[in-house]
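J.: below: sequence and its predicted model.
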Amino acid sequence: MQKRGQVTLFVIVGIIVVLGIVLFTNFRYEIVDFFGDLTQGETVIAEQLQPVQNHIQSCLEDVTLEGVDLLASQGGYINFPEDKYENDRRNKFSNVLNVFPGVDVAYWFYEDVSGNQISQIPTIQIMEEGLEEYIVESFEKCVSTSDLYRSQGYDIEFSEGGRTNVDIGKENVRVEFRRKVTVEYKGVGDSWSKHEVDVSVPLGYVYESAIDVMNEQNKELWLENATMNYVLLYGLPHSNVEFTCSPKIWNKKEIASELQKYLAVNIPFYKVKDSDYDSYYYEEPLFVWDLDKQYQNTKFIFEYNPEWPFELDVDPSQGDSIISRPLPGEIPFMEFCVNYENFFYDIKYPVLITVEKEDLEFNFANLVVIRRDKPRRPMSEEKANYVDYCESGGREIDVIVLAYEDNTGTAVSLGDADVFFNCVKFNCYIGKTSSNGRLREEFPVCGNGEIEIMKEGYSDKTATLTTFNDGPSSVGLILNKINILNYSVEVLDEVGGSLSAPRKLKSDEVVLLEVARFNEDKVEQGFAGIYPDDETQIELISDVYNVKATLIKETPITMPEKKIERCKCPEVLGLCLCGKEEIVIPATKLDSAMLGGAQFTWTINRVDLNSDEIVFYVINKGVPNTYEKLSENFDLGKVMIGHTSEVKPKFK
């Protein structure tokens, strides 16, 4: 029994020893610091050694302030969170705004390439940890600058490593840095490990003020609503009615440039109510944002630079153009030609927001998102805590991507192509093909999803893909290289039912040309332009296109006076029961008129695209001199009767 008791005692002692080693290993710094503080206490450093101590304190304060400035300038991050998506044409915004070369600011809200709303607001803990790492790394310059004192006879040694504890307050940042320093000078020596600074800087205050702005933005979507005001106030094509017989066409790139200009001019005038700004703007509700708080001696600065990423799309559109066409009425009154504008905007762009107090500037970026004229979905004040469908895993699929490079029937492997997978509302980025045109990755589970392949200079390609276990294990797609050709338009005058030889357009004639590829009534690729006013180049691939061309005379014409009869009261079942009356329509001057055009389906073969130029043809039915003739010219189906083969484009 005695031996058994001794064994038990040894086991207990062994456990205590092992436990002690584990505790010391994990908490050795805290134990050393604790006993170091007991022995060091309020130890007074010898007067001969104080210059070194003062230098270290001053250097630590400088390092802290540098770290605070960097942290604040980058949106609360010393090191930015990693963006899982590569920065390219589908991910032009990324999770960081490049303000200008070498200067980046974190987005506090953005949408990733899959369309997920991402809140990227750092916590105080994240900021403190980032600042702690920065101080540990940057303290090395305090070590190196100590050489000045070594040259004066001081013997200075620093231990390796170092630990920092940072506490960010509203009006100050307190730093406790642990790294042993041993100094000896003229026979006097000492050492200490604890270095403390307390810098007066309102980092916590500007951070909380920035949080106020972001929380309010996530609820009210103030920036999105202000943006749509500019679309309406500055007369960009949106919702309008005009009495004109000519179609109107706008270029989306020009619309985007105009809107960017308006944003760059107006956004700097945004102000936060009850903050430090010129009271001149107080009466401008469009510019003043009420956060329902007082911000004394605090400035809020809003910026937008047209050089920053920007996305704009307009629906309906055709390629880079949007078109509003006149609709002829049945009765030739003033509303005979009514031009309706009804467009919807998708817009994305960043706004840089700065909170400034006591020379400390805290920056963060917010991505403004508008879809079909509506602001993005609001977010709660808490960071979205959702399962990312795109990373939920599923089934490995082997993707093979080829392309027709030289307009022959030979397809070659296409590397560096972006692969996406769409399922219901999710748009997932899968990755890029390798140089051999292959990509093998996990796709999220989806029935009848859509794989989409994209690469600059090639037409996009989609295909249905089911990623259940019983679905295909591989999928192959072939992309077409986009060919750029010069184009021109010539006129075929109709005389007595026959068409004349082609001629050039007259000085008062223009053609609205529309060329589009459709897939299930959706425009996959579109071009629209005014010839000869716009650029005379067109992008084409081997496929089937719908072509529509409208020939317009831009000089005014006069419709003669016309007499018509109408029923004095509403007709019943097509019968006039109350007699008719004669109405005289006075002569009407039209600013322009439609002369005819062309409309047909067009198949392009790969061999055709080896050409340098293409010629389109339009039919001229003549200047209308009656309302009936004007109405006939609008009906391109009738204009084309008997002439389909004669208006087919020709490659040269």
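T.: Yep, that arrived.
J.: thought residue 225 was touching residue 378, still the case?
T.: No - with contact defined as CB atoms under 8 Å, residue 378 does not count as touching residue 225 (11.8 Å). Quick note: C-beta positions are derived from backbone N, CA and C, even for glycine.
J.: just the CA atoms of stretch 485-492, as CSV, please.
T.: What follows is stretch 485-492 as a C-alpha-only set of coordinates in CSV (Å, rounded to 0.1, in the frame of the first residue of the first chain):
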residue,chain,number,x,y,z
LEU,A,485,-14.6,46.0,-89.5
ASN,A,486,-15.1,49.3,-91.1
TYR,A,487,-18.6,49.9,-92.4
SER,A,488,-20.5,52.3,-94.6
VAL,A,489,-24.1,52.8,-95.7
GLU,A,490,-25.4,53.4,-99.2
VAL,A,491,-28.9,54.3,-100.5
LEU,A,492,-31.0,52.5,-103.0
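J.: averaged pLDDT, that stretch. What do you get?
T.: Per-residue pLDDT over stretch 485-492 has a mean of 95.
J.: which residues does it contact?
T.: 499-506, 509, 511, 513, 531-532, 536-538, 540, 549, 551, 609, 611-620, 643, 646-647 (CB atoms under 8 Å, 6 or more residues apart in numbering).
J.: can I assume residue 216 sits in a helix?
T.: Yes - assigned with DSSP: H, G, I helix; E, B strand; the rest coil, residue 216 falls within a helix.
J.: just for the stretch 201-350 of the chain, where's the confidence low?
T.: When residues are selected by pLDDT under 70, those of the stretch 201-350 of the chain lie in 243-246, 278-286, 327-338.
J.: mind doing that once more with 80?
T.: In the predicted model, the stretch 201-350 of the chain carries pLDDT under 80 at residues 240-248, 277-287, 318-319, 325-340.
J.: what's the answer for the stretch 1-150 of the chain, then?
T.: 1-45, 48, 84-91, 113-116, 145, 148.
J.: show me where it has strands.
T.: Counting by DSSP state E, counting those that start in this stretch, the stretch 1-150 of the chain has strands at residues 96-100, 103-111, 117-119.
J.: list the strands paired with the second one, with their directions.
T.: For strand 103-111, sheet partners with direction are given as strand 96-100 (antiparallel), strand 117-119 (antiparallel), strand 360-371 (parallel), following DSSP bridges.
J.: quick one, which of the ones you listed is nearest to residue 75?
T.: Shortest distance between residue 75 and the strands paired with strand 103-111, using CB to CB, is found for strand 360-371: 4.1 Å.
J.: C-terminal to the closest one, what's the next element?
T.: Next helix or strand after strand 360-371 toward the C-terminus (DSSP states H and E): strand 374-375.
J.: what's that following strand in contact with?
T.: Counting by CB under 8 Å, 6+ apart, residues outside strand 374-375 touching it are 221, 224-225, 228, 369.
J.: quick revisit: pull out the buried members of the contacts of stretch 485-492.
T.: Taking 16 or more other CB atoms under 10 Å as the criterion, what is buried in those is 499, 505, 509, 511, 513, 531, 538, 540, 549, 551, 609, 614, 616-620, 643, 647.
J.: show me the one of the strands paired with strand 103-111 that comes nearest residue 150.
T.: Here strand 360-371 is closest among the strands paired with strand 103-111 (CB to CB), at 34.9 Å.
J.: what comes up buried for the closest one?
T.: In strand 360-371, counting by 16+ other CB under 10 Å, buried: 360, 362-371.
J.: likewise for stretch 446-460?
T.: Under 16+ other CB under 10 Å, the buried positions of stretch 446-460 are 446, 449, 451-455, 458-459.
J.: out of those residues, which comes closest to residue 123?
T.: residue 446 (34.4 Å).
J.: find the nearest non-adjacent residue to the closest one, please.
T.: residue 423 (3.6 Å; CB to CB, 6 or more residues apart in numbering).
J.: which residues touch that neighbour?
T.: Counting by CB under 8 Å, 6+ apart, residue 423 has contacts 389, 444, 446, 449-450.
J.: one more: residue 132?
T.: 164-166.
J.: repeat for residue 650
T.: 614-615.
J.: try it again at 7 Å.
T.: By CB atoms under 7 Å, 6 or more residues apart in numbering, the contact set of residue 650 is residue 615.
J.: pairing partners for it in the sheet, please.
T.: residue 615.
J.: 801 is where my numbering starts, stick with that
T.: Got it, first residue is 801 now, which makes that one residue 1450.
J.: and it, how close does it get to residue 930?
T.: From residue 1450 over to residue 930 the distance is 65 Å, taken as CB to CB, to the nearest Å.
J.: show me the contacts of stretch 1285-1292 that map onto strands.
T.: Among the contacts of stretch 1285-1292, the members falling in strands (DSSP state E) are 1299, 1309, 1311, 1313, 1331, 1337-1338, 1340, 1349, 1351, 1413-1420.
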